[in-house]
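Engineer: coordinates only, sequence not included:
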């Protein structure tokens, strides 16, 4: 919104914060151009809603990916356990 906001940011986070600020400014400009909204507060709220929705959707995708990975690992574990048990049951000849 063409205003400086002083923040205490770790040096290793500065690039991320600058990228986030650019993303916010770009989205606000896009809303202003696309919807002819003039109230800055409305533009900021629209941007916040979109970014929060993106964040929620990413969290849901991570949960699904994590669950899928855990399901696959459980299947691999079952296959390995079955294989180990079946080899233990085979009598060894001397």
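Structural biologist: Arrived safely, thanks for sending. These numbers were taken from a predicted model, which means no experiment stands behind them.
Engineer: so which elements touch the helix or strand where residue 62 lies?
Structural biologist: Secondary structure assignment for residue 62, by DSSP states H and E: helix 40-89. Taking 3 or more Cβ pairs under 8 Å, 6 or more residues apart in numbering; DSSP states H and E as the contact definition, the neighbouring helices and strands of helix 40-89 are helix 14-35. From N, CA and C alone the C-beta is placed, and that goes for glycine too.
Engineer: how far is the helix holding residue 62 from where the chain is centred?
Structural biologist: If you compare the mean C-alpha spot of helix 40-89 with that of the full chain, they lie 10 Å apart, counting by Cα atoms, centre = their mean, to the nearest Å.
Engineer: how big is the angle separating it from helix 14-35?
Structural biologist: Note on geometry: by axes from the mean of the first three to the mean of the last three Cα atoms, to 10 degrees, helix 40-89 and helix 14-35 are set 120 degrees apart in direction.
Engineer: how close does the spatially most central residue of the chain sit to residue 44?
Structural biologist: Most central in the chain under Cα atoms, centre = their mean is residue 58, positioned 3.9 Å from the mean C-alpha point. From residue 58 across to residue 44, the span is 21 Å (Cβ to Cβ, to the nearest Å).
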